[in-house]
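Chemist: curious how this folds, go ahead:
(one chain, ligands or ions: 2)
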Amino acid sequence: MSIRLGAIADDYTGASDLANTLTKAGLRTVQTIGVPAPDLVLSDVDAVVVALKSRSIPAADAVAQSQAARDWLKRQGARHILFKICSTFDSTDAGNIGQVLDALRGDLGPEAGQWPVLVTPAFPETGRTVYFGNLFVNGVPLNESPLKDHPLNPMTDSSLVRVLARQSQAGVALVDLATVVQGAEAVRARLGALAQAGTGAAIADAVFERDLETLGLVALEAPLSVGASGLGLGLARALVAQGVSGGSDAATGAPVAGAVAAIAGSCSAATLEQIARAEAIMPVLRLDPEQLVTAPDAAIVAALDWARPKLEGTPVLIAASGTPDQVAALQARYGREASGHAIEQASARLAEGLVEAGVRRLIVAGGETSGACVDRLGLAAFAIGREIAAGVPLLRTVDHAPAMLLALKSGNFGGPDFFAAAVAAMQP
Ligand SMILES: Nc1ncnc2c1ncn2[C@@H]1O[C@H](COP(=O)(O)OP(=O)(O)O)[C@@H](O)[C@H]1O
Ligand SMILES: O=C(O)[C@@H](O)C(=O)COP(=O)(O)O
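Modeler: Ligands and ions are numbered 1, 2, ... in the order given. Below you'll find the predicted structure:
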């Protein structure tokens, strides 16, 4: 069967966030891990989100993987492709949002000139709004928010027109809120004028969901857009209004028993608070991040020895996460990429060890961390279950024995009691 919407997500938590939004809006949605094998059978599916781990890899690799995902989605019939980026625009001047946008747009050939690509990370449900091209996180300019201290993509400029212009050759302009609130016709007119001027990409302001509905309607008329779950919401609502699906239920299935464990690799302010709160309800092991870099084998053996005897009686949480000062100190000693990569790989090996020890319900906090864990576990696709917190659905493995439930949490998402909520949502 033909799908109507294809999405390429640049990380796994972002993919499940988008899949959650599309499902809630009424599209029957599947999340795949990477470009699916040719034998994956899709039936009764309106939207597919291909999850890549391409946010913090060399731009050329991100481009190649995104093009492969786009080609697969188009073969499934997708007429519109959403490149799902982070609602906090996580990227560096080296990429990868602009470079992937340029490549996907370039592949459109002469058609590209008609369509400046709409770009907006706005996601009001989680406090991300864009005004005059500036991104606000819960009312705080991006460069003053906790994202300024992100271990891999510190965001130090809230002007997305400037940020994207440093990454893209497309020529970047703004569709301002005054235009968006006038409705779809005004946005079309603005994009038409930008196309005439040779502009290839437009950051679109959006503060409320109705702004994203307008943008989704217009974006759907073009082959490509770039945004976070808010734009996904707009696209989904436009499709549902056109009669696509309109009756999706989150996936249910046989209860999954087996031990429950959580791994945290996000160093976001939200996750640090969630870990502290989890200490009141479950055993929490705080790993020594330096040991994870210098002597990971010993650290992993010790952590699994700590966890195994507890798993039968209680969920456990194992956290590498550190404060901005601790992260900065580790990075000064071992380098940003090397320490991030080493800790991700150690987290992935812990996930594998926990599953070998009987864990069937796994919570992971952190996008890159989730990517590393899911890859190590060899999971291919997820059905989308009920929402645990805004942007975080319960995931059920597809075609995987034994069946597992997962929650892949973006570092920034979830309330202070997220771990308790996730454990409760996984109860049979
Ligand atoms: N204590 C630490 N010091 C330095 N880096 C860390 C530490 N703990 C985790 N990391 C790394 O920080 C990065 C967090 O990124 P990610 O998992 O994507 O979280 P988020 O969802 O908050 O962006 C990962 O590369 C992870 O390995
Ligand atoms: O759009 C968002 O904020 C999320 O879907 C997302 O992409 C989060 O990324 P991480 O914080 O790296 O998990």
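Chemist: my guess is K74 contacts I81. True?
Modeler: Yes - if you go by C-beta atoms under 8 Å, K74 and I81 touch, sitting 7.4 Å apart. C-beta here means a position set from N, CA and C on the backbone, and glycine is covered the same way.
Chemist: between the two, which is the more surrounded one?
Modeler: I81 (22 against 14; other C-beta atoms under 10 Å).
Chemist: what residues are up against the residue in the stretch 51-200 of the chain that ligand 1 sits nearest to?
Modeler: Using C-beta to the nearest ligand atom, the closest approach of the stretch 51-200 of the chain to ligand 1 is made by P151 at 3.7 Å. Each residue near P151 by C-beta atoms under 8 Å, 6 or more residues apart in numbering is listed here: C267, V327, Q331, R336, S339, G340.
Chemist: who does I363 bridge with?
Modeler: A262, A407 (DSSP bridges).
Chemist: need the residues touching each of K74 and I81.
Modeler: Residues touching both K74 and I81 (C-beta under 8 Å, 6+ apart): G6.
Chemist: can you give me the strands for the stretch 151-300 of the chain?
Modeler: Taking DSSP state E, counting those that start in this stretch, the strands of the stretch 151-300 of the chain run over residues 172-175, 201-204, 224-227, 259-264, 284-286.
Chemist: which other helices and strands contact the third one?
Modeler: Okay, so that is strand 224-227. Packing partners of strand 224-227 (3 or more C-beta pairs under 8 Å, 6 or more residues apart in numbering; DSSP states H and E): strand 80-84, helix 97-106, strand 117-120, helix 209-219.
Chemist: which of these sits most buried?
Modeler: Among the helices and strands packed on strand 224-227, ranked by average contacts under mean count of other C-beta atoms under 10 Å, first place goes to strand 117-120 (a mean of 28).
Chemist: who touches the helix or strand following that strand?
Modeler: Where DSSP states H and E defines the elements, the next helix or strand beyond strand 117-120 is strand 128-131. With contact meaning C-beta under 8 Å, 6+ apart, strand 128-131 is reached by 87-88, 120-122, 135-137, 160, 177, 203-207, 228, 230.
Chemist: ok, and of those, which contact ligand 2?
Modeler: S87, T88, A228 (C-beta under 6 Å from any ligand atom).
Chemist: and the gap between the residue nearest to the second one when sequence neighbours are not counted and S91?
Modeler: Just to be clear, that refers to T88. Among residues not flanking T88 along the chain, L147 sits closest, at 4.8 Å (C-beta to C-beta, 6 or more residues apart in numbering). Separation of L147 from S91 (C-beta to C-beta, to the nearest Å) stands at 11 Å.
Chemist: still on that earlier bit, so what's the residue nearest to T88 up against?
Modeler: T88, D90, V137, N153, P154, M155, N412.
Chemist: good, wrapping up.
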